[in-house]
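In: the following comprises the amino acid sequence and a computationally predicted model.
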Amino acid sequence: MIPQVKPPTTFSVIMPVYNHVRYVAQAVGSVLAQGCGDWELCLVDDGSTDGSGKLLDDLAATDRRITAIHQPNGGPAAARNTALASTSAPWLTYIDSDDVWLPETLQNYADFIAAHPDVQFIYGYRHRLSDDGTVTELAGEFQDRPTGPNELFGRMYLSHLCVCYRRELIDCAGGYDEDLRTCEDYELYLRFSLLCPLVPLGKPTGLRRRHATNISRQSGHSRLLQAKILQRFIDRQGGADAVDAGVVRRRLGKLYYAAGRQYFKARCFAQARRAIAQAHQYRRTINSTAIGILSSVFGPFGRVDDEALPPLA
């Protein structure tokens with residue numbers, strides 16, 4: 001018997017899955033519903049314990065373009081790297097297992113690529129999907145012009161749900177930093193921004209689901225991690241030559257202040273005080289000064305957030 005060979009495709013679609021049995025069928029269904037059928041979908045079960053793994057196998061059995069891979073839990077960065085090594089299409093796209101693509105997303109990418117053959121990185125924008133099914137339409141950010149390191153350093157406006165880029169780009173920049181369990185996308189896109197313009201699609205691509213277990217919820221820890229990633233980008237990854245000094249001061253000052261405020265609200269007063277001290281290296285405000293003083297006063301009565309920052313080599 002001659003083995004079946006998958007035909008070459010234009011788009012590799014990558015979906016990491018961890019304990020999303022409630023949502024993943026709808027996410028996969030939104031890929032199957034694409035008007036453009038020129039894709040392969042790689043599902044990576046990242047050590048799920050809720051039955052997601054079995055569901056992925058069942059979904060893969062329905063369409064030869066779908067592959068399911070199982071691995072011990074390593075986080076979304078590790079899962080995406082696994083999928084990158086297991087796919088081959090020249091264009092990479094992503095959808096998280098709790099999100100939904102709009103039906104024309106891949107066709108919009110294909111049309112844009114045909115009209116702009118030199119483009120390397122494309123980004124659209126997303127709407128919000130509540131757990132009750134309500135959709136809130138949002139305006140896209142920076143959809144009127146290409147962007148780069150200054151804009152991205154100043155604000156994270158990209159999403160896995162909304163990007164499409166050439167495989168050669170990640171081959172050149174290197175894959176996801178597997179030490180990061182969150183902000184891994186932001187860190188990667190910062191590296192990309194030094195290699196090529198980030199070009200807007202000008203259209204929405206999907207629905208970002210909001211629910212109680214979103215891992216992107218903001219906290220003192222997540223704000224501090226973002227600041228450390230940005231600081232590494234400036235200090236050790238070439239960002240200092242690409243980002244205006246004023247943008248660096250404003251962004252890092254705001255992020256360290258936001259981390260301090262979140263830690264203060266969580267009664268982690270010692271960590272709040274340290275974050276505010278870092279904020280004051282970039283900017284000092286009345287509010288940041290007040291939080292710093294109050295954190296010192298209340299320090300003996302606080303608790304500790306023991307979630308350690310990952311190593312940033």
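Out: It's in.
In: looks to me like Cys42 is in a strand.
Out: Yes - per DSSP: H, G, I helix; E, B strand; the rest coil, Cys42 lies within a strand segment.
In: who are the neighbours in contact with it?
Out: For Cys42, the contact set (C-beta atoms under 8 Å, 6 or more residues apart in numbering) comprises Ser12, Val13, Ile14, Met15, Thr67, Ile69, Ala83, Ser86, Thr87. The way it works is simple: take the backbone N, C-alpha and C, and place the C-beta from them, glycine included.
In: and if we set it to 7 Å?
Out: Applying C-beta atoms under 7 Å, 6 or more residues apart in numbering, we find Cys42 in contact with Ser12, Ile14, Thr67, Ile69, Ala83, Ser86, Thr87.
In: between which two of the residues you listed is the distance greatest?
Out: Using C-beta to C-beta, the contacts of Cys42 span at most 13.0 Å, a distance reached by Ser12 and Ile69.
In: what's the local residue count around the closest residue in space to Pro311 that isn't next to it in sequence?
Out: Spatial nearest neighbour of Pro311, excluding adjacent residues (C-beta to C-beta, 6 or more residues apart in numbering): Asp179 at 5.7 Å. Counted with other C-beta atoms under 10 Å, residues neighbouring Asp179 total 15.
In: do Cys268 as well
Out: By the criterion of other C-beta under 10 Å, Cys268 has 23 neighbours.
In: and the closest residue to Ala173 other than its chain neighbours, what element?
Out: Closest residue in space to Ala173, ignoring its immediate chain neighbours: Arg191 at 4.4 Å, by C-beta to C-beta, 6+ apart. According to DSSP states H and E, Arg191 maps onto helix 184-193.
In: which other helices and strands does that helix contact?
Out: helix 149-154, helix 167-173, helix 220-236 (3 or more C-beta pairs under 7 Å, 6 or more residues apart in numbering; DSSP states H and E).
In: next SSE after that helix?
Out: Following helix 184-193 in sequence, per DSSP H and E, is strand 199-210.
In: who's in contact with the lowest-mean-pLDDT helix or strand in the chain?
Out: Lowest mean confidence among the helices and strands of the chain (mean pLDDT, DSSP states H and E): strand 135-136, at a mean of 92. The contact list for strand 135-136, computed with C-beta under 7 Å, 6+ apart, reads His127, Arg128, Leu129, Leu207.
In: how does it look with 6 Å?
Out: The contact list for strand 135-136 (C-beta atoms under 6 Å, 6 or more residues apart in numbering) reads His127, Arg128, Leu129.
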